[in-house]
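Trainee: here is my input; please provide its structure:
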Amino acid sequence: MNYLQLLETDLQLFELPIPITQRLLLSRYCDEVEHWNRRVNLTGLRGSDLVRRLVVEPVWIAQQIKLSGILVDVGSGNGSPAIPIHITQGLNRVHMVEARTRRAAFLRHVSSKLKLDGVSVHHARLQDVIHEFPGAEWVTLQGVALTARIINSFRSISSDGLTIIWITAGAEPPVQPFCVFRVPVTGTQAFLFHLDQF
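Mentor: Down below sits the predicted model:
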């Protein structure tokens with residue numbers, strides 16, 4: 001599967017001018033997901049669906065929001081959205097939290113293989129490592145329910161300045177977000193919240 005070609009087609013469709021160095025890293029990330037997916041259930045997506053959902057949508061969302069600084073990704077699993085966002089936005093620090101052993105192993109492998117600086121993989125439940133993220137500015141959740149438990153975990157380290165980005169293809173938000181981005185073509189939505197909204 002030529003993921004670079006699929007990626008370039010979608011980047012043009014979504015009008016995302018990504019430098020070639022970043023495109024190469026993103027296509028290598030897709031290759032690693034496909035390779036590991038044969039042994040570890042990372043995703044049911046393949047080919048252009050994998051590229052669009054795991055790479056292009058998060059990159060489009062991150063560019064609209066102008067993400068920078070420190071990101072915590074909860075339930076990182078296959079590395080999306082954290083890895084594509086980090087590759088294209090050059091964040092200062094990325095913390096990926098994943099409780100499942102084999103998926104955490106994949107995250108460590110792909111971060112090392114792509115030589116991603118500033119990335120930490122936490123093989124743990126969020127509530128057990130939340131104290132390690134006192135400077136967090138952004139939280140991403142994709143394919144993870146936005147529960148009271150997650151909200152309360154972050155409330156313990158931050159009262160303001162933290163933005164939660166919940167990426168979903170169909171679920172309704174638990175409270176009214178302060179901002180919504182709808183991805184063109186796919187309709188996937190990114191709901192943005194502050195902690196004091198809960």
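Trainee: now the closest residue in space to His131 that isn't next to it in sequence: how far from Gly135?
Mentor: Excluding its sequence neighbours, the residue lying closest to His131 (CB to CB, 6 or more residues apart in numbering) is Ile157, at 6.8 Å. For glycine as for every other residue, the C-beta is placed from the backbone atoms N, C-alpha and C. Distance check for Ile157 against Gly135: by CB to CB, to the nearest Å, it reads 9 Å.
Trainee: can you check Val180 too?
Mentor: From Val180 to Gly135 the distance is 26 Å (CB to CB).
Trainee: any low-confidence regions in the protein?
Mentor: Within the chain, the stretches with pLDDT under 70 are 159.
Trainee: quick one, what contacts the most centrally placed residue in it?
Mentor: Nearest to the mean C-alpha position of the chain, by CA atoms, centre = their mean, lies Pro81 at 1.7 Å. Taking CB atoms under 8 Å, 6 or more residues apart in numbering, we find Pro81 in contact with 54, 57-58, 61-62, 73, 140, 142, 167.
Trainee: which of the residues you listed fall in strands?
Mentor: Residues of the contacts of Pro81 located in strands (DSSP state E): 73, 140, 142, 167.
Trainee: and the strands in this protein?
Mentor: Along the chain, counting by DSSP E, strands occupy 70-74, 93-97, 119-122, 138-142, 163-168, 179-182, 189-194.
Trainee: export the biggest helix by length in the chain as CSV, just CAs?
Mentor: Taking DSSP state H as the criterion, the chain has its longest helix at helix 20-37. Extracted C-alpha coordinates of helix 20-37, given in CSV (Å, rounded to 0.1, in the frame of the first residue of the first chain):
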residue,chain,number,x,y,z
ILE,A,20,7.6,16.9,2.3
THR,A,21,9.6,16.0,5.4
GLN,A,22,6.4,15.9,7.4
ARG,A,23,4.5,14.0,4.7
LEU,A,24,7.2,11.3,4.7
LEU,A,25,7.0,10.9,8.5
LEU,A,26,3.2,10.7,8.3
SER,A,27,3.3,8.0,5.6
ARG,A,28,5.9,6.1,7.7
TYR,A,29,3.5,6.3,10.7
CYS,A,30,0.8,4.8,8.5
ASP,A,31,3.1,2.0,7.4
GLU,A,32,3.9,1.2,11.0
VAL,A,33,0.2,1.2,12.0
GLU,A,34,-0.5,-1.3,9.2
HIS,A,35,2.4,-3.5,10.0
TRP,A,36,1.6,-3.7,13.7
ASN,A,37,-2.0,-4.1,13.1
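Trainee: hang on, the earlier thing: any idea how far the residue nearest to His131 is from Ser76?
Mentor: Plainly put, Ile157 is 18 Å away from Ser76 if you go by CB to CB.
Trainee: of these two, who's got more company?
Mentor: More crowded of Ile157 and Ser76, by other CB atoms under 10 Å: Ser76, with 29 against 16.
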